[in-house]
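**Student:** here is my input; please provide its structure:
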Amino acid sequence: MCGIVGYVGNKEVVPIIIEGLRRLEYRGYDSAGIAVGGAGNGLELRRAPGKLRNLEEVLRDRPIHGTYGIGHTRWATHGRPTEENAHPHRDCTGRIVVVHNGIVENYLALKHELASEGHKFVTETDTEIIAHLIEQEVSSAARSGKSMPLEEAVRRSVARLTGAFAIVVISADEPDKIVAARFGPPAVIGLGENEYFVASDVPGILHHTRNLYFLADGDMAVLTPAGVHLTDFAGNTIERPVQRILWDPIQAEKGGYKHFMLKEIFEQPRAIRDTTLGRISLDTGKVFLSEMKISDEDFRRATKINIAACGTSWHAATAGKFMIERLARVPVEVDYASEYRYRDPIPDPTALGLLITQSGETADTLAAQREMIAKGSKTIAICNVVGAMIAREAHGTIYTHAGPEIGVASTKAFTAQLVALFLFAVHLAQTRQTISEEESRALLDELTLLPGKTEEILRTVDSECEKLARVYSNASDFIFLGRGIHYPIALEGALKLKEISYIHAEGYPAGEMKPGPNALIDEPLPVVVLATKDENNRDSKLRYEKTLSNIQEVTARSGKVIAVAIEGDHEISQLVDHVLYVPHTSELLLSVLDVIPLQLLAYHIAVRRGCDVDQPRNLAKSVTVE
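**Tutor:** Purely as a prediction, here's the structure:
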């Protein structure tokens, strides 16, 4: 979720980079830095923790000048948000400088290898090892009496990386050259008049040029004042079409997707990854929630968690109840924020309040927070907007790093909220010592695999949902069913469908079919059943077996069943009309995977019906009035 801007040309570079970073600051706000060359002083760096304005103050006190350089705004992934850990990062000599967006998964192994060869590391980040890898390649060539171009050293270095990365590199030994490489996170190259740009997203450079290359995975770009040379990671010259961007900056953020909602659905792997990064240690199995003014003792003596939220956030809260109670063994009560203060809640100073809101400005949720504080509770906010009102009034905040969500129907903000709740539940359980170290490690291991599994669903299920939309777009009603933690996901699936397609849809606990919903089932009625299970969880398998019985109740009445199931579940395919498969994960994290097929199904049905997907009628993105 980091912002990157680079420039080479004949203009003063610092204002260009700072302006670009400001337009990308939504991608990272906990530290910023810039490296500049071209003024005869080698490379000069300035960095600062906190928001971009802190870096601007540093530059006012200690200005630098040049005609090429790179800049970065960061959300902490590896290492705390300090000046030392801020990008750009240097090698041992200080002559090679790197900025990076993404995560190097094998950085620990590489770090140990490089350290054994004499490299000295000064940060806690994964990015620093990239600079040292490049240095290693250059120095190895030099020891053989050869010189190695920067781009070749970068090419050899990225071949050793696993994970996701967009990197931009400059070297004091090769002035007026920028090398960029992409594998995962986006990178764009801007083409100007004798000047060239690189950025992690279009808005960072759109005010300078509308002619762009969009790098694909495995692409490398070398920028000099003479032009841009594109190759693949093997060094073969490639060509990419120049894209003429005619959109305004907001349209540019759509990234070629037909709708913001679809773009945001496909951004969920990144949103999940960014919400996790910097908050877990796989080495220790610990969760770190740094923005807390609530002590461990407060967490240990909490007698209850009161959660208040609205709409989609309420569904996340209800799923969070299962997570917190299962792991931390503390009672959880979930309220609609709009109802909370009107029921005259009983004061309990040992209860903790948890508020969930995408915008951080939802009026009902703010009112519920103030009621909790008035009743003597400390409050925690889960929020997507840094510095929002709810975060300012909370005693602690867990920011969801989903990035701006423009589509009114929430998608990536919802899954990021589920991840934030999972992190909170594990942290609370660790503090209260209700789960073992072994269980903590297993849960966090599964969490780190979640972005890749989400990407797999998006690759395989999107086209299946488009096909289903052709069959069911004329339906007048839908029912969504789920058990346990899958029930609030059924509610969310129903909400997504009704929000954007205007089809009447209801979510139910699957065990409540007999008291009423069975009366609605007939041949035209589609019923979406969440029938995923964790094979390693006995209770999950029991719920699955009971859900199969619910499916048979529907099919016996000629209802049409669309099941969401685990890959390899061939038993269920014999019972239902359609199956949308998701990968296996632990029971509590299945909620994140379950919802993605439901989002895609709602999206494609709405498109098929000709609805305004991004701005559905009668709805607003942030409800700031009661």
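**Student:** got any ranges where the stretch 301-450 of the chain has weak pLDDT?
**Tutor:** For the stretch 301-450 of the chain, residues meeting the criterion pLDDT under 70 lie at 387.
**Student:** can you show me the strands along it?
**Tutor:** Here the stretch 301-450 of the chain has its strands, by DSSP state E, counting those that start in this stretch, at 304-309, 332-336, 351-357, 378-383, 396-399.
**Student:** host element of residue 599?
**Tutor:** helix 590-608 (DSSP states H and E).
**Student:** of the strands of the stretch 301-450 of the chain, which is nearest residue 192?
**Tutor:** Closest of those to residue 192 is strand 396-399, at 35.0 Å (criterion: C-beta to C-beta). For the C-beta atoms, the positions are set from N, CA and C on the backbone; glycine is no exception.
**Student:** got a list of contacts for that closest one?
**Tutor:** For strand 396-399, the surrounding residues in contact (C-beta atoms under 8 Å, 6 or more residues apart in numbering) are 289, 291-294, 378-384, 386, 391, 420, 423-424.
**Student:** residue 233 contacts residue 220, doesn't it?
**Tutor:** Yes. Using C-beta atoms under 8 Å, residue 233 is in contact with residue 220, at 6.3 Å.
**Student:** give me the common contacts of the two.
**Tutor:** Common contact partners of residue 233 and residue 220 (C-beta under 8 Å, 6+ apart): 155, 158, 181.
**Student:** of the residues you listed, which belong to strands?
**Tutor:** residue 181 (DSSP state E).
**Student:** at the geometric centre of the protein, which residue sits there?
**Tutor:** Taking C-alpha atoms, centre = their mean as the criterion, residue 271 is the residue nearest the geometric centre of the chain, at 0.8 Å.
**Student:** report pLDDT for that residue.
**Tutor:** At residue 271, the pLDDT value in this model is 93.
**Student:** doesn't it belong to a helix?
**Tutor:** Yes. Assigned with DSSP: H, G, I helix; E, B strand; the rest coil, residue 271 falls within a helix.
**Student:** for residue 233 and residue 220, indicate the residue with more neighbours.
**Tutor:** residue 220 (24 against 17; other C-beta atoms under 10 Å).
**Student:** just say helix, strand or coil for the more buried one.
**Tutor:** Strictly by three-state DSSP, residue 220 counts as strand.
**Student:** that one and residue 179 touch, don't they?
**Tutor:** Yes. Contact status for residue 220 versus residue 179: in contact at 6.8 Å, counting by C-beta under 8 Å.
**Student:** shared neighbours of the two, which are they?
**Tutor:** 151, 154.
**Student:** tell me which residues form a beta bridge with the closest residue to residue 464 other than its chain neighbours?
**Tutor:** In space, residue 464 comes closest to residue 580 once its chain neighbours are excluded; the distance is 5.9 Å by C-beta to C-beta, 6 or more residues apart in numbering. Following DSSP bridges, residue 580 is listed with bridge partners residue 564.
**Student:** look up how far residue 371 lies from residue 580.
**Tutor:** 41 Å (C-beta to C-beta, to the nearest Å).
**Student:** please apply the same query to residue 526.
**Tutor:** Distance from residue 526 to residue 371, by C-beta to C-beta: 40 Å.
**Student:** between these two, who's got more neighbours?
**Tutor:** residue 526 (24 against 21).
**Student:** identify the residues contacting that one.
**Tutor:** Residue 526 neighbours (C-beta under 8 Å, 6+ apart): 472, 475, 478-479, 559-562.
**Student:** show the pLDDT at the nearest residue to residue 326 once chain neighbours are set aside.
**Tutor:** Leaving aside its chain neighbours, residue 326 sits nearest to residue 588 (6.5 Å; criterion: C-beta to C-beta, 6+ apart). Looking at residue 588, its pLDDT stands at 96.
**Student:** where does residue 588 sit: helix, strand or coil?
**Tutor:** helix.
**Student:** sketch out the low-pLDDT regions of the stretch 151-300 of the chain for me.
**Tutor:** Looking at the stretch 151-300 of the chain by pLDDT under 70, you get 246-253.
**Student:** can you count the residues close to residue 376?
**Tutor:** There are 12 residues near residue 376, going by other C-beta under 10 Å.
**Student:** contacting residues for the residue nearest to it when sequence neighbours are not counted?
**Tutor:** Nearest residue to residue 376 in three dimensions, chain neighbours excluded: residue 349, at 3.8 Å (C-beta to C-beta, 6+ apart). Shown in contact with residue 349 (C-beta under 8 Å, 6+ apart): 375-377.
**Student:** now those residues in CSV, please, with extra columns for distance to residue 325.
**Tutor:** Below are the contacts of residue 349 laid out as CSV (distance: C-beta to C-beta, whole Å):
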residue, distance to residue 325
375, 22
376, 23
377, 18
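**Student:** who are the contact partners of residue 213?
**Tutor:** Applying C-beta under 8 Å, 6+ apart, the residues contacting residue 213 are 188-189, 191, 221, 228, 230, 240-243.
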